Every structure is written in C-alpha cells, then in structure tokens.
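Quick one, fold the following:
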Amino acid sequence: MTTDARSDADMPAFTPSAAAHSTTDRHLQPRGSSQGGLRQYNERVVLQAIRLHGALPGAEIARLTQLTPQTVSMICKRLMDDGLLLRGKPQRGKVGQPSVPLSLNPDGAYAVGIKVGRRNLDTLLVDFTGAPRHRWSLDYRHAEPERIVAEIGQRLKDIRRRLGADQRERVQGVGIAAPLAMGGWQQLLGFPRSIADQWQHFDLRDAVSRLTDWPVTLTKDTAAACVAELVSGRGRSIPSFLYVFVDTFIGGGLVLDSQLRAGTTGNAGAIGSWPLGLAQRRARAAGEAPPPQLLGVASLLGLEQRFEAAGLEAGAIADARALQSPWQAHTRAWLVEAGAAIAHAVNGASCLLDLDGVIVDGSFDRTLLDALLQATETELSRYSWEGVARPRLLAGTIGSDARALGGALLPLYASFSPDRELFLKAAAV
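Residues are numbered from 1 along each chain as shown. Have a look, this model is predicted:
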C-alpha cells in the first residue's frame with residue numbers, strides 16, 4: 001500500500017488555461033439571468049465561468065455569462081464572503097482602472113473520490129479546483145467486500161484527521177466509482193466464486209454511507225472516468241464522443257450532446273461486452289461458446305497474462321517497460337489484436353451514433369497509450385467509411401486517476417455547477 005504516492009504537482013488539474021478553452025467549450029458554458037429568483041443559479045454560473053476559463057475580472061465574467069456588471073459584482077462579493085472565490089492582484093492595462101482577477105479558492109470546498117477496482121482501490125481528496133490534495137492506494141489479488149469497506153473506512157478517518165473542523169464542513173460528499181458487475185467474468189479473471197457471490201448481495205453505497213455523515217454517491221467506474229474527461233479533459237470541446245478506458249478490463253462511457261448518457265441500466269458505453277463476431281445459431285445449439293467479447297482481447301489482463309506466460313514481471317503493463325525488451329515483443333503482439341478489436345467496436349459505434357470523436361485512456365504509461373492509438377488507427381483505415389463519418393481518435397488526458405477523480409466530481413458538481421444534467425443522472429443508477 002502506498003500513501004500520498006504523488007505530489008500535488010503531478011496530479012491532473014481541474015481548471016485548464018483560459019487560452020486552451022476560451023472558444024472551444026461553449027457547450028459547457030451556461031448563461032445567467034439578471035431576473036429575480038435565480039440567485040443560486042447565477043452564483044453557479046459565475047463559478048462555472050471561472051472554473052472553465054481560469055481567473056477572470058468582473059467585466060469578463062459579465063461578458064461570458066451575459067449577466068449585468070452590477071449583478072456580477074454582488075454575486076462575486078457573496079462568493080468571496082462564503083470563501084469560494086479569491087481576489088487576485090490588480091492587473092493594469094493600457095487605459096482605465098486596473099482589473100482585479102477572481103479565482104476559485106482551492107479551500108472553498110472538498111470532495112472525496114474512491115475508485116474500487118478489481119485489482120486495486122484508490123482514494124482521492126479533491127479540492128474546489130478539482131486538484132487532488134492527497135492520494136492513497138491499495139493493491140489486492142481479489143476484491144473482497146469486507147476488506148474494501150474497511151480500507152475505505154480507514155481512509156475516511158485519515159481525511160477527517162487531515163482536515164480541520166471548518167474544512168470538514170466544506171466536504172461536499174463521497175463519490176464511489178466501481179464496476180457494475182464486480183463479480184462478473186469469473187473465469188476470465190480467476191475470481192473465486194465465493195467472493196463473486198458476496199458481491200451479488202452487497203450494497204457498496206449503503207455500506208460506505210454507514211461510515212460517514214457525508215453524502216455518498218455511486219456510479220459505474222468507466223462512467224466516472226468519462227466524467228473526468230468530460231469536465232476537465234478533451235471532452236470539454238467535443239460534443240459527442242465514445243470514451244474508452246483500458247484497465248484490467250476495457251470499458252467505456254458515452255457522451256452525446258455534451259451529456260453523459262447512462263442508459264436504462266447505467267451501462268451505456270459498455271464496449272467491453274462488444275462481440276467480436278457473429279453468434280452462429282447452429283454452434284450455439286450444439287453448446288459451443290458465443291463469440292468473444294472486446295474485453296477478452298483488448299484488456300490489460302490479456303497483456304498481463306502474456307507476460308506471465310513468458311516468465312516476465314507482469315507489473316510492466318503499467319510502465320514504460322512494456323515497450324522495452326524483453327516485454328516489447330509480447331506487447332507488440334497484444335497491440336495488433338487489441339487495436340483490431342477496438343477499431344471493430346469504434347466502427348460499429350460510429351455507424352450507430354455519428355460520433356465527433358473517440359477518446360481512449362487507461363491505467364498505463366503514455367507511450368503504450370500512443371502505441372495503442374497508432375495500432376487502432378491502422379486498423380480503422382481497413383474499414384470502408386462510405387456513408388458514415390470517421391471519428392477522430394484522441395488520447396485521454398487524465399490517466400489512472402480518472403475514475404477516482406470522476407467520482408469526486410459528482411458531489412462537487414451537485415453542489416456548485418449549473419449544469420447538473422451533464423452527468424448526475426448516471427449517479428442515481
């Protein structure tokens with residue numbers, strides 16, 4: 001187990017530079033109203049403008065939100081009094097009075113994000129800007145419910161100890177990101193039946209709720225990762241995209257018209273279950289297996305098993321060694337199969353959904369991500385795109401913390417964003 005494994009400087013930031021997003025994320029930028037009765041909404045609109053564009057003077061906030069300067073002035077004063085905004089140093093221009101930029105106060109609010117995976121658990125304490133303050137990780141062979149809840153309980157105690165009384169009052173909640181079928185794919189994962197049966201009757205959200213008085217939400221792990229990319233990554237400038245996250249198992253999320261789509265059962269974007277062939281009626285009647293799924297070919301578990309079969313350190317799947325000798329040959333073979341399988345799913349999804357892009361991320365080194373994207377692009381070129389637009393294939397920006405970070409963003413957005421419908425319906429599944 002590691003504690004605070006990375007410094008704050010290594011953590012993904014929530015708020016990008018104004019230059020990077022000033023013209024590309026308008027689909028996430030709501031407008032305010034100067035009419036009465038909308039005080040809380042307008043406050044959230046102002047906070048959202050600053051979150052998206054960075055520190056801004058009042059005049060620029062008024063322009064972006066289309067609120068009157070007087071309304072913006074009153075709102076900003078209230079938000080500073082509440083400890084949510086900070087006043088910066090006056091900036092002098094060529095003419096007129098110096099402007100005073102306003103920025104989010106990192107200590108204005110906090111949230112806890114927890115990723116419960118099949119092989120490890122991550123806990124993040126995230127501040128108001130979306131930057132992780134502290135990080136804890138626990139690795140395990142199998143995800144046992146009691147052990148996971150005990151670990152979460154310990155981390156919640158650690159967080160309370162790190163925060164003062166006033167800071168604890170500013171924690172907006174706990175967001176848990178976990179697979180919907182934690183006990184699924186037993187044979188492929190080597191998951192004991194006894195533990196799988198425990199998950200069938202285990203309510204993780206309820207168990208964690210009994211450990212804390214902070215509100216607790218639960219969402220699918222890859223949907224949470226998609227939230228992180230939507231709010232603080234490339235997804236801010238892409239209205240509709242398929243999100244692919246490669247980990248022990250590959251999975252995904254779906255964003256249409258800048259909103260995360262959960263689907264009827266919360267499994268929209270679950271490309272891990274995408275079939276890689278046609279089911280044959282005669283074969284099934286004879287008791288033969290159905291066609292393989294994407295997760296059986298393009299998951300990191302498959303690469304790990306290749307390394308183990310060759311007598312190599314399996315932990316190399318997560319770092320630069322995967323593309324170095326003696327692991328490289330096995331990684332290249334996996335990339336050929338994984339790229340072809342992902343391209344097959346991307347082609348089908350694009351025909352059905354008319355996507356602007358496909359964002360791929362995962363729990364591995366960025367060089368391996370680049371190699372996977374290249375392999376997938378090669379395979380995408382083998383398809384006919386006549387009658388359908390080929391989507392852009394893009395690298396995700398968050399990495400391994402995406403699921404825990406997305407979990408933390410759920411309570412933060414519930415409390416402070418005017419765009420709650422971006423993804424909060426997914427948390428209720």
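
Quick one: mean pLDDT over the biggest helix by length in the chain.
In the chain, taking DSSP state H as the definition, the longest helix is helix 328-353. Mean per-residue pLDDT for helix 328-353: 97.

Centre of the chain to that helix, how far?
Mean-position distance between helix 328-353 and its chain equals 21 Å (CA atoms, centre = their mean, to the nearest Å).

That helix: which residues count as buried?
Neighbour-count burial for helix 328-353, counted by 16 or more other CB atoms under 10 Å, picks out 330-331, 334-335, 337-347, 349-350, 353. In this view, the C-beta of every residue, glycine as well, is placed from N, C-alpha and C.

helices and strands around that helix, which ones?
In terms of contacts (3 or more CB pairs under 8 Å, 6 or more residues apart in numbering; DSSP states H and E), helix 328-353 is packed against strand 241-246, strand 250-256, helix 295-298, helix 300-309, strand 357-362, helix 366-380.

CA atoms only: put the fifth one into PDB for me.
The C-alpha trace of strand 357-362 is given here as PDB (Å, rounded to 0.1, in the frame of the first residue of the first chain):
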ATOM      1  CA  GLY A 357     -14.600  11.600 -31.700                       C
ATOM      2  CA  VAL A 358     -13.400   8.600 -29.700                       C
ATOM      3  CA  ILE A 359     -11.200   9.300 -26.600                       C
ATOM      4  CA  VAL A 360      -9.000   6.500 -25.300                       C
ATOM      5  CA  ASP A 361      -7.300   6.500 -21.900                       C
ATOM      6  CA  GLY A 362      -6.100   3.900 -19.500                       C
END
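
Run through who's touching that strand.
Contact with strand 357-362 is made by 225, 229, 233-235, 238, 240-247, 300, 342, 346, 349-350, 369, 372-373, 376, 391-400, 402, as judged by CB atoms under 8 Å, 6 or more residues apart in numbering.

one step back: got the helices and strands packed on helix 328-353 as a markdown table, with mean pLDDT columns?
Output for these, formatted as a markdown table (pLDDT from 0 to 100):
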| stretch | mean pLDDT |
| --- | --- |
| strand 241-246 | 97 |
| strand 250-256 | 94 |
| helix 295-298 | 94 |
| helix 300-309 | 95 |
| strand 357-362 | 97 |
| helix 366-380 | 97 |
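
Which one of those lies nearest to Asn120?
Closest approach to Asn120 among these is made by helix 300-309 (12.1 Å; CB to CB).

how many degrees apart are that closest one and helix 328-353 in direction?
160 degrees (axes from the mean of the first three to the mean of the last three CA atoms, to 10 degrees).

Would you mind writing the CA trace of helix 300-309 as PDB?
C-alpha atoms of helix 300-309 as PDB (Å, rounded to 0.1, in the frame of the first residue of the first chain):
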ATOM      1  CA  LEU A 300      -4.700  -5.100 -19.800                       C
ATOM      2  CA  LEU A 301      -5.400  -8.500 -18.200                       C
ATOM      3  CA  GLY A 302      -4.600 -10.100 -21.600                       C
ATOM      4  CA  LEU A 303      -1.200  -8.300 -21.800                       C
ATOM      5  CA  GLU A 304      -0.500  -9.300 -18.200                       C
ATOM      6  CA  GLN A 305      -1.200 -12.900 -19.000                       C
ATOM      7  CA  ARG A 306       1.200 -12.800 -21.900                       C
ATOM      8  CA  PHE A 307       3.900 -11.500 -19.700                       C
ATOM      9  CA  GLU A 308       3.300 -14.100 -17.000                       C
ATOM     10  CA  ALA A 309       3.300 -16.900 -19.600                       C
END
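
Just give me how far that helix sits from the chain centre.
With CA atoms, centre = their mean, you get 25 Å for helix 300-309.

Any regions of the chain where pLDDT drops low?
1-39, 93-96, 183-187, 189, 281-287, 419-429 (pLDDT under 70).

Can you show me the strands along it?
Taking DSSP state E as the test, the strands found in the chain are 2-3, 85-87, 102-104, 110-116, 120-127, 132-139, 171-178, 216-220, 241-246, 250-256, 259-260, 357-362, 392-395.

In TSV, list these along with distance to Pro411.
Output for the strands of the chain, formatted as TSV (distance: least, CB to CB, whole Å):
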stretch	distance to Pro411
strand 2-3	23
strand 85-87	20
strand 102-104	16
strand 110-116	5
strand 120-127	9
strand 132-139	15
strand 171-178	3
strand 216-220	6
strand 241-246	21
strand 250-256	18
strand 259-260	15
strand 357-362	22
strand 392-395	28
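
So for Leu276, which of these sits nearest?
Across the strands of the chain, closest to Leu276 is strand 250-256 (CB to CB), at 12.0 Å.
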